[in-house]
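Colleague: Here's my sequence, what's the structure:
(2 chains)
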Protein chains: 2
Amino acid sequence: MKISSVDFFYLSLPEVRDIGDGSQDALLVRVEADGHVGWGECEAAPLVSIASWNCPMSHSACKPVSASVLGQRLDNVDDIRRINACVREHSFDLLQADHTLSGIDIALWDLLGRKLGEPVWRLLGYKRSFPKTAYASQLFGDDPQATLRRAEAAARSGYRAAKFGWGPYGRGTAETDAAHVHAAREGLGKDIALLVDAGTVWGDDAAAAKKRLAALEICGAVWLEEPFVNGALSAYHELSKSCKTVKLAGGEGCHNFHQASAMIDYAGLGFVQIDTGRIGGITTAKQVADYAVAKGVQFVNHTFTTHLALSASLQPFAGMERDNLCEYPFEPSALGREFTAGKIPPDANGQVCAPESPGLGLEPDWVALKKYLVEVEIKVAGRKVFSSSRVPC
Amino acid sequence: MKISSVDFFYLSLPEVRDIGDGSQDALLVRVEADGHVGWGECEAAPLVSIASWNCPMSHSACKPVSASVLGQRLDNVDDIRRINACVREHSFDLLQADHTLSGIDIALWDLLGRKLGEPVWRLLGYKRSFPKTAYASQLFGDDPQATLRRAEAAARSGYRAAKFGWGPYGRGTAETDAAHVHAAREGLGKDIALLVDAGTVWGDDAAAAKKRLAALEICGAVWLEEPFVNGALSAYHELSKSCKTVKLAGGEGCHNFHQASAMIDYAGLGFVQIDTGRIGGITTAKQVADYAVAKGVQFVNHTFTTHLALSASLQPFAGMERDNLCEYPFEPSALGREFTAGKIPPDANGQVCAPESPGLGLEPDWVALKKYLVEVEIKVAGRKVFSSSRVPC
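Modeller: Numbering: from 1, shown residues only, chains lettered A, B, ... in the order given. Below you'll find the predicted structure:
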């Protein structure tokens, strides 16, 4: 096959609010090759990623992403790896390119899987797709009472693990934060795993983060996620030395393999969290998963949005039995919910598996999505370099 | 003062060639506050950086860069640092934002310096601007003979140091690469410092890079630059253990402080190379320079384009006497040459200083630049989110 077209669909709620909910918009990618179709999603600012697809070349290492994708052969998994490497090489001074590549790479795996009648995880060399405990990922409430109610709701929904993050956490005193963590534990009850996400709130201030450890350990939190900005290796490492039972989790901001491997090697992480829609797609996420296994760090997906993104993020570690946690979009926006007609629901044990059906096993639901489409037009020197494609329904 | 407007000017040669010359286009930034003006440059894909300025918000940590800049107070250097931190916080999921911020941050320093009648380096706390040995930065020739001629030309031009990079280096055998390095040394003669830039050609393959060390050491090369992709900490570290006299240089791809400090802490570098137009501007580059000093690593600018970029890149380490090398655009394109009427020419000893005049001490030459202007128009949902500003002449 030969890649004949790549289309980007910018989807958004009519109103995007100033909250930590990444499911309010989406950038959907469609790749076509010899009549076969694959779908992927960039976890990225849609307009900026679109601009990187077809911007004018700046120099030999700052080319538009399209230069390394259109017209390429696509017959097997090595072709996908080659295309991924080609984008990295020819666009490495184009910062946004890694995010744009992510959605394209996912779509390439989906396309090849559909063509060959195999789920992506099997193309990645796995024999089976192991169940993972889905953790309900949600925001902290505005106050501890609200957090309590959210935790109770998560428990009622049958989840065996729940994560609370962002919102007020880390923005007030250590006491208020402790009250939120205690409220979350109370709402969940004893048996549901509790995870906490600080959303990089302490920058690289290890002392501020250390003040929060006691409450997390009293409440039996499994991990403290992103106390610091991505790549703040020394701060992570310093904090990790003060952790007794709680482990550190991080890595969602990594946009290439080397950033993720540095987090694994130097940050003292217990869990490395990879967003397939940012790291460079399934190709790079699988590389990180293999590296994490070799280094004894647990791999976890980062997914807050759609079930298409969820399937893509499950593939890279689907066959790793030990790596048994899965971030699960618990309360996505209407756009996130309506994205695919098919879903990956947790079973009676609160577990999910990467689908058995070909490719990613899910497709965008265009009847529902049509209303969210945002038209984009970009002109450079009077020439149209991008205009939104027609909706395929 | 209050920031009233930020304008982006996309400038480009009529034809951009597929070569490693980053001076073929440019993104110039103008900031205005209370009638005062400052100029900066992003070393970045222009269209994509423009898109990140005013794209729609995706969520609370993925806002357009404009949201953290327009309307902000600008009275002192702490305001610039606050604005820089604000962009990082509110746009940290917008990958391109760091490159866009870079040009804005530079323009803010320029504006404040002009307003206060001080060169930027004095605002940074330096007492004087020390001379740096300018190294002529250029591409390897297509064959060793061509490299020889380029080295002879550099020597004739009075430079005391010259760097050769990219082109065929690392793409053929170790023997061919050695021939290029020997040709460069022959052309330069004994007394001119030789530096070599591999342009990330070996990815993270330390074994391939090791094969090149012998020729570099025989020819007395000061450094081997970017043998690997930015952030490949383990490969850098492994290679550094095999270096006897030649040192490793790298870091130009870093787009925030933590990436640069990780290179300083873990990569075994002798030199950290920072592009003020990528790292987040003068604010972040100064942070890295201070960290490098503390860790015994030499700070060097990365500059391949204009003299406005050169001035911006000299400021962060202008007052550091020991850090005495400066990358100097030796053969920029016509656009690079015509960018400013004023220049920073090397003196009789081949040395340059950050200018003594207020701000960056140089201004864009609009009479020359006008012909390079590329019009951009971006529409989202029928609404114009960007259209090029009028040329200020």
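Colleague: When you work out contacts or count neighbours from here on, use the C-alpha atoms and nothing else.
Modeller: Fine.
Colleague: the helices in the stretch 101-250 of chain A, which residues?
Modeller: Assigned by DSSP state H, counting those that start in this stretch, the helices in the stretch 101-250 of chain A fall at A:120-123, A:144-156, A:174-188, A:206-210, A:213-218, A:233-240.
Colleague: I'd like to know how many residues surround the residue lying closest to A:R160 once chain neighbours are set aside.
Modeller: Spatially, and ignoring its direct neighbours in sequence, A:R160 is nearest to A:I192 (4.9 Å; C-alpha to C-alpha, 6 or more residues apart in numbering or on different chains). Residues contacting A:I192 under the criterion other C-alpha atoms under 10 Å in any protein chain shown number 19.
Colleague: A:I192 against A:Y159, yeah?
Modeller: Yes - here A:I192 reaches A:Y159: they are 7.5 Å apart, a contact under C-alpha atoms under 8 Å.
Colleague: Sheet partners, orientation included, of the helix or strand harbouring A:Q273?
Modeller: If you go by DSSP states H and E, A:Q273 is part of strand A:271-274. With DSSP bridges as the test, strand A:271-274 is paired with strand A:247-250 (parallel), strand A:298-301 (parallel).
Colleague: neighbouring contacts of that strand?
Modeller: A:247-254, A:260, A:263-264, A:285, A:292, A:297-302, A:313 (C-alpha atoms under 8 Å, 6 or more residues apart in numbering or on different chains).
Colleague: Apart from its neighbours in sequence, what residue is nearest the most centrally placed residue in chain A?
Modeller: Centroid-nearest residue in chain A, with C-alpha atoms, centre = their mean: A:D275, separated by 2.9 Å. Nearest-residue entry for A:D275: A:H302, 4.6 Å, with adjacent residues in sequence omitted and distances by C-alpha to C-alpha, 6+ apart.
Colleague: From chain B, how far off is the one you found?
Modeller: As judged by C-alpha to the nearest C-alpha, to the nearest Å, A:H302 and chain B stand 13 Å apart.
Colleague: quick one, what contacts that residue?
Modeller: Listed by C-alpha under 8 Å, 6+ apart, the contact partners of A:H302 are A:252, A:273-276, A:313, A:327.
Colleague: so where's chain A shaky on pLDDT?
Modeller: Within chain A, the stretches with pLDDT under 70 are A:393.
Colleague: Look up the closest residue to A:G203, ignoring the ones flanking it.
Modeller: Distance criterion C-alpha to C-alpha, 6+ apart; nearest residue to A:G203, sequence neighbours excluded, is A:F228 at 4.7 Å.
Colleague: Could you measure from that neighbour over to A:Q259?
Modeller: Noted for A:F228: a distance of 15 Å to A:Q259, by C-alpha to C-alpha, to the nearest Å.
Colleague: again with A:K247
Modeller: Distance from A:K247 to A:Q259, by C-alpha to C-alpha: 20 Å.
Colleague: now A:G270
Modeller: 16 Å.
Colleague: do A:S333 as well
Modeller: On the measure of C-alpha to C-alpha, A:S333 and A:Q259 end up 30 Å apart.
Colleague: Looking at the two, which one has more neighbours?
Modeller: For A:S333 and A:Q259, the more surrounded residue by other C-alpha under 10 Å is A:Q259, and the numbers stand at 22 against 19.
Colleague: so where does the more buried one fall, helix or strand?
Modeller: When elements are assigned from DSSP H and E, A:Q259 belongs to helix A:257-266.
Colleague: Mind exporting the C-alpha coordinates of whichever strand or helix holds A:L314 to PDB?
Modeller: Assigned by DSSP H and E, A:L314 belongs to helix A:307-314. The C-alpha coordinates for helix A:307-314 follow below in PDB (Å, rounded to 0.1, in the frame of the first residue of the first chain):
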ATOM      1  CA  HIS A 307     -12.400   5.500  23.900                       C
ATOM      2  CA  LEU A 308     -10.500   5.700  20.600                       C
ATOM      3  CA  ALA A 309      -7.600   7.200  22.600                       C
ATOM      4  CA  LEU A 310      -8.200   4.600  25.300                       C
ATOM      5  CA  SER A 311      -7.800   1.700  22.800                       C
ATOM      6  CA  ALA A 312      -4.700   3.300  21.300                       C
ATOM      7  CA  SER A 313      -3.200   3.800  24.800                       C
ATOM      8  CA  LEU A 314      -3.900   0.200  25.800                       C
END
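Colleague: Many thanks, have a good one.
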